[in-house]
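Undergrad: sharing a sequence plus its predicted fold:
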Amino acid sequence: MLRKKCNRFVLLLIAELLLILLLIPGCFRKEEVVFSVVGEDIGQSVVSMDTYKIFSSEMFSLEPAVYQVRVQTRLSEGKSLYTELKYDNANFNAVKTNGVTIFSGCEYTDFEVYVSDTVSNAYMQCYFYGSDTNDLLQLDIYKTAIGNRLLVFMVIIGMAILDGMLLLRKGILEQRVTKKQQIVLWTLTAGVLLAYFPYLTDYFSLGADSLFHLERVANLKETLMNGTSLPVRIQDRWLYEHGYAVSFFYGDLCLFVPALLMLIGFPLMTAYKMFVFVVMAATAAVAYHCFKKCVKNEYAALFGSMIYLLAPYRIFNVYSRWAVGEYTAMIFLPMVCCGLYLLYTENVESQDYKKHKWYVIWGLAAILQCHIITTELVGISILLVCLLFWKKTFRKQTFLQLTLAAGLTLLVTAWYWLPMVYMLGSDAYIFQALPQTKMQSRGLWFASIFQLLPNKGSAQNGMVQCEPVHIGVGAFMLLVVYPVWKFLAKKKDGICTFLAAGSAVTIIISTRYFPWDGIMEIPVIGYVISAMQFPSRWMIVATVLAAMFAAFFFEKVIMESGTLGKAFLACVAAITVVCAVYHVNDVAFESGAVYLYEEENMGTISVGNGEYMLQEVALSELRYHEPVAEEGLEWSGYKKKGTHITISLANTSGKVRYLEVPLMGYKGYGIKTEKTGADIPVIAAERGSHGDLRIEVPAGYEGTIQIAYEGLALFKAAEVVSLVTLLAMAGWYIYMERRKVQEGKKNG
């Protein structure tokens with residue numbers, strides 16, 4: 001019987017593979033023109049209004065597929081063009097697309113149109129604002145293979161889910177998957193879906209930093225499409241295609257998930273929502289695994305991970321603040337907590353003791369590449385733990401493992417932090433000139449800690465529509481009851497006491513009653529503290545400590561208390577779920593529905609305060625523009641693809657002349673030319689207007705040059721260090737596993 005079931009599963013896998021092979025050729029189908037119009041034909045169908053002109057094309061039909069609209073324009077300064085695909089059809093939402101505004105200087109724009117049902121009377125409509133009809137050179141619509149790629153991807157995902165369910169069923173029937181494991185799996189799945197509820201729609205809502213992070217995703221995708229080498233340092237499309245060094249200072253590692261989904265063909269909104277689901281699932285899985293590793297009890301780990309997954313502050317970060325860096329970093333916080341707990345509590349002589357440091361290494365490495373401020377908070381917290389438990393810290397094995405963890409983390413992430421440190425010291429950026437705002441007034445009111453029903457939040461003070469910056473009512477109840485339980489039970493429990501105290505302390509220091517302004521007056525320490533911006537960020541640490549405390553407290557109560565204690569925990573669990581239901585429901589129904597399919601619709605300047613721009617650059621003065629040459633320097637054959645420029649130059653002046661190109665003048669750009677020797681163009685020391693990259697062209701030079709971001713030798717060295725470290729770690733792991741196998745054979 002078992003062999004028959006295995007054979008059936010193998011046949012299913014073969015059938016799935018054959019189906020995928022049949023679908024793959026469609027991913028490479030040639031593009032097909034379904035509509036085209038050139039500038040000469042546009043003027044005949046234009047209607048003039050008071051302040052603009054409208055062009056409406058002839059109607060055409062569209063089959064279900066993904067199309068790409070390509071627009072070529074020639075718009076001078078101060079002119080713009082808005083174009084969109086429209087249709088008159090009874091089928092609701094059959095065409096998923098947004099209109100796109102094209103600004104002066106942008107010569108070429110393309111965007112996707114997702115058609116889910118046959119549309120027989122579609123047409124293009126263009127609005128000319130201050131521009132003439134001859135400014136639109138050509139407009140084409142192509143039927144692409146993107147729809148086929150999406151189909152293949154969704155079929156693969158569907159098959160993976162089906163196969164996973166069959167394997168789970170097989171494990172249950174063979175009693176390899178226990179009842180506890182089933183309860184854990186389905187409870188975590190329900191928790192993930194509950195936390196994800198606001199995005200179980202065909203739209204989403206925007207938050208405080210939404211446009212900035214959506215730009216990060218969209219521009220990372222564009223940068224990858226332009227063939228930029230990895231790791232990405234400068235994202236191409238920002239700031240009227242001048243490029244932005246956001247990747248130096250804000251890690252992109254997790255954002256490769258939505259960026260790659262966009263490369264497959266998913267619209268920006270869908271790719272981001274899929275990314276959020278991955279984050280939710282990863283948060284639940286990592287928290288459960290780490291807590292179970294510590295408490296050694298499935299239900300206790302489940303209880304703690306649900307407290308963490310449904311924490312109001314975490315959900316608030318996802319949907320209201322759109323704090324992408326923080327909520328992705330929160331995936332890995334339990335790893336650091338788990339590693340430290342095991343290093344400080346496990347027997348140093350055990351065979352597995354040395355393995356515990358890997359939780360700290362991978363957790364810290366991931367957090368660093370998600371969010372610098374969270375890294376700072378975690379680093380301070382680890383330092384305090386080391387000082388508080390100094391006797392255990394300086395045990396030979398513990399100190400050695402902590403030192404190895406710190407060193408290996410720095411080596412693994414050298415490719416990221418070393419270039420960032422260099423860039424910070426080599427240039428002046430806008431964030432370095434921003435005034436240090438007093439933090440104390442930005443702290444929480446105590447009232448917000450007692451907020452019973454968390455909502456979307458729109459105010460930082462008082463209780464009405466207060467932002468839900470707290471650990472949750474359920475977790476707070478546990479903290480309040482714990483001292484009473486400890487007193488009545490007369491139990492000494494160091495880890496519960498430490499975690500409860502740590503959570504309470506971090507809650508207190510997140511308020512406006514902690515003397516933050518006084519601390520900011522202390523040299524060096526004050527500068528480091530000011531980078532946190534808001535005391536409420538300490539809720540990141542408070543949330544994970546409270547969740548870990550909940551897991552340990554659950555295990556103690558279940559093991560040592562009677563019916564009353566278990567009833568209390570059930571009440572806490574119910575309150576946690578009810579509050580989460582209220583929270584996500586409020587987010588879903590009180591937020592405005594937004595449909596965002598094309599990143600082009602967002603523009604290129606949603607940079608917040610523009611923290612990573614050079615101080616000499618004024619955002620308001622940036623525009624799309626061609627190269628600007630001094631008198632006597634001629635250029636031709638100009639081509640620009642992202643931050644890569646090809647241009648032919650001829651200096652006929654007899655003197656050195658300068659060329660300014662539309663690239664932000666960050667350090668690390670290089671020039672390639674077919675000529676060699678000293679008399680070739682180089683990057684000038686001084687930047688041009690608005691911080692543009694400036695090229696020094698020697699007298700008499702004539703030839704073609706290529707300008708691209710290459711980075712510095714230091715960056716390449718850092719990348720090699722990280723790569724060698726990873727390879728060495730992988731080699732060591734393989735060696736140790738083989739050694740175990742050999743020893744097992746000898747002993748066996």
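TA: Structure's in. What do you need?
Undergrad: give me the neighbour count for the residue lying closest to Thr375 once chain neighbours are set aside.
TA: Leaving aside its chain neighbours, Thr375 sits nearest to Leu368 (4.8 Å; criterion: Cβ to Cβ, 6 or more residues apart in numbering). For glycine as for every other residue, the C-beta is placed from the backbone atoms N, C-alpha and C. A count of neighbours around Leu368, defined by other Cβ atoms under 10 Å, yields 25.
Undergrad: Gln397: what's it in contact with?
TA: 348-349, 353 (Cβ atoms under 8 Å, 6 or more residues apart in numbering).
Undergrad: any chance of these in TSV, plus pLDDT?
TA: Shown next, in TSV, are the contacts of Gln397 (pLDDT from 0 to 100):
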residue	pLDDT
Val348	89
Glu349	88
Tyr353	92
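Undergrad: closest to Val152 among these?
TA: Using Cβ to Cβ, Tyr353 is the member of these that lies nearest Val152, at 46.1 Å.
Undergrad: wait, that closest one sits on Glu346?
TA: Yes - contact criterion Cβ atoms under 8 Å: Tyr353 and Glu346 qualify, at 5.7 Å.
Undergrad: next up, the contacts around the residue nearest to Thr375.
TA: Contacts of Leu368 by Cβ under 8 Å, 6+ apart are 251, 375, 409, 413, 416-417.
Undergrad: now with 10 Å, please.
TA: By Cβ atoms under 10 Å, 6 or more residues apart in numbering, the contact list for Leu368 reads 251, 253, 329, 332, 374-376, 378-379, 409-410, 412-413, 416-417, 420.
Undergrad: ok, back up a step: which residues are in contact with both of Tyr353 and Glu346?
TA: Common neighbours of Tyr353 and Glu346, counting by Cβ under 10 Å, 6+ apart, are Thr398.
Undergrad: where's Gly171 relative to Leu21, distance?
TA: According to Cβ to Cβ, to the nearest Å, Gly171 and Leu21 sit 29 Å apart.
Undergrad: likewise Arg169?
TA: Arg169 sits 27 Å away from Leu21, going by Cβ to Cβ.
Undergrad: same question for Arg687.
TA: The value you get for Arg687 to Leu21, if Cβ to Cβ is used, is 53 Å.
Undergrad: the two: which is more packed in?
TA: Each of Arg687 and Leu21 has its neighbours counted (other Cβ under 10 Å); Arg687 has more, 19 against 9.
Undergrad: what sits against the nearest residue to that one once chain neighbours are set aside?
TA: Nearest residue to Arg687, sequence neighbours excluded (Cβ to Cβ, 6+ apart): Gly665, at 3.9 Å. Applying Cβ under 10 Å, 6+ apart to Gly665 gives the contacts 242-243, 427, 614, 616-617, 683-684, 686-688, 690-694.
Undergrad: run the last query once more with 8 Å
TA: With Cβ under 8 Å, 6+ apart, Gly665 has these contacts: 614, 687-688, 691-694.
Undergrad: before we move on, back to that, ok, the contacts of Leu368 vs Met306, which is closest?
TA: For those, the nearest to Met306 is Phe332 (18.2 Å; Cβ to Cβ).
Undergrad: would you map out the domains in the chain?
TA: 1-29+155-177, 31-144, 203-590, 624-709, 712-748 (automatic domain parsing).
Undergrad: out of those, deepest packed?
TA: Mean neighbour count (mean count of other Cβ atoms under 10 Å) peaks for domain 203-590 among those, with a mean of 19.
Undergrad: now do Phe534 against Gln451, distance only.
TA: From Phe534 to Gln451 the distance is 17 Å (Cβ to Cβ).
Undergrad: same question, Asn226
TA: Counting by Cβ to Cβ, the gap from Asn226 to Gln451 is 46 Å.
Undergrad: residues touching the closest residue to Asn134 other than its chain neighbours, list them.
TA: Using Cβ to Cβ, 6+ apart and skipping the chain neighbours, the partner closest in space to Asn134 is Gly39 (5.4 Å). Counting by Cβ under 8 Å, 6+ apart, Gly39 touches 133-134, 136-138.
Undergrad: where in this structure is the helix or strand with the lowest mean pLDDT?
TA: Lowest by mean pLDDT, DSSP states H and E among the helices and strands of the chain is helix 39-42, with a mean of 70.
Undergrad: any idea how far Gly251 is from Trp417?
TA: According to Cβ to Cβ, Gly251 stands 10 Å off from Trp417.
Undergrad: repeat that for Arg395.
TA: Look at Arg395 and Trp417: by Cβ to Cβ, they are 29 Å apart.
Undergrad: for the stretch 401-550 of the chain, which segments count as helices?
TA: Under the criterion DSSP state H, counting those that start in this stretch, helices of the stretch 401-550 of the chain are mapped to 414-426, 430-433, 446-449, 473-489, 494-509, 516-520, 525-530, 539-560.
Undergrad: the longest one versus helix 473-489: what angle between them?
TA: Computed with axes from the mean of the first three to the mean of the last three Cα atoms, to 10 degrees, the direction of helix 539-560 lies at 50 degrees from that of helix 473-489.
Undergrad: other SSEs contacting the next helix or strand after helix 539-560?
TA: The first helix or strand that comes after helix 539-560 along the chain, using DSSP states H and E, is helix 563-590. Packed against helix 563-590 by the contact rule (3 or more Cβ pairs under 8 Å, 6 or more residues apart in numbering; DSSP states H and E) you find helix 179-195, helix 298-309, helix 312-319, helix 473-489, helix 539-560.
Undergrad: can I get the CA coordinates of the longest one in CSV?
TA: Right, the one you point to is helix 539-560. Output in CSV follows, covering the C-alpha atoms of helix 539-560 (Å, rounded to 0.1, in the frame of the first residue of the first chain):
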residue,chain,number,x,y,z
MET,A,539,8.6,49.0,21.5
ILE,A,540,10.5,46.8,19.0
VAL,A,541,12.5,45.3,21.8
ALA,A,542,9.6,45.4,24.3
THR,A,543,7.4,43.4,21.9
VAL,A,544,9.8,40.5,21.4
LEU,A,545,10.7,40.4,25.1
ALA,A,546,7.0,40.3,26.0
ALA,A,547,6.3,37.5,23.5
MET,A,548,9.2,35.4,24.8
PHE,A,549,8.1,36.1,28.4
ALA,A,550,4.6,34.9,27.4
ALA,A,551,6.0,31.6,26.1
PHE,A,552,8.0,31.0,29.3
PHE,A,553,5.2,32.1,31.6
PHE,A,554,2.7,29.9,29.7
GLU,A,555,5.0,26.9,30.2
LYS,A,556,5.3,27.6,34.0
VAL,A,557,1.5,28.1,34.5
ILE,A,558,0.6,25.0,32.5
MET,A,559,3.1,22.8,34.4
GLU,A,560,2.6,24.2,37.9
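Undergrad: tell me the SS of Ala284?
TA: Recorded secondary structure, Ala284: helix (DSSP: H, G, I helix; E, B strand; the rest coil).
Undergrad: report the contact partners of it.
TA: Contacts of Ala284 (Cβ under 8 Å, 6+ apart): 188, 191-192, 305, 309.
Undergrad: secondary structure and distance to Ser503 added to the contacts of Gly39, as CSV?
TA: Putting these into CSV (DSSP: H, G, I helix; E, B strand; the rest coil; distance: Cβ to Cβ, whole Å) gives the following:
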residue, secondary structure, distance to Ser503
Thr133, helix, 65
Asn134, helix, 66
Leu136, strand, 60
Leu137, strand, 62
Gln138, strand, 62
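Undergrad: in this protein, where's the longest strand?
TA: strand 119-129 (DSSP state E).
Undergrad: where does the prediction get shaky in the stretch 301-450 of the chain?
TA: Applying pLDDT under 70 to the stretch 301-450 of the chain flags the ranges 435.
Undergrad: that older thread, roughly how far does the residue nearest to Asn134 sit from Thr109?
TA: Computed with Cβ to Cβ, the distance linking Gly39 and Thr109 is 15 Å.
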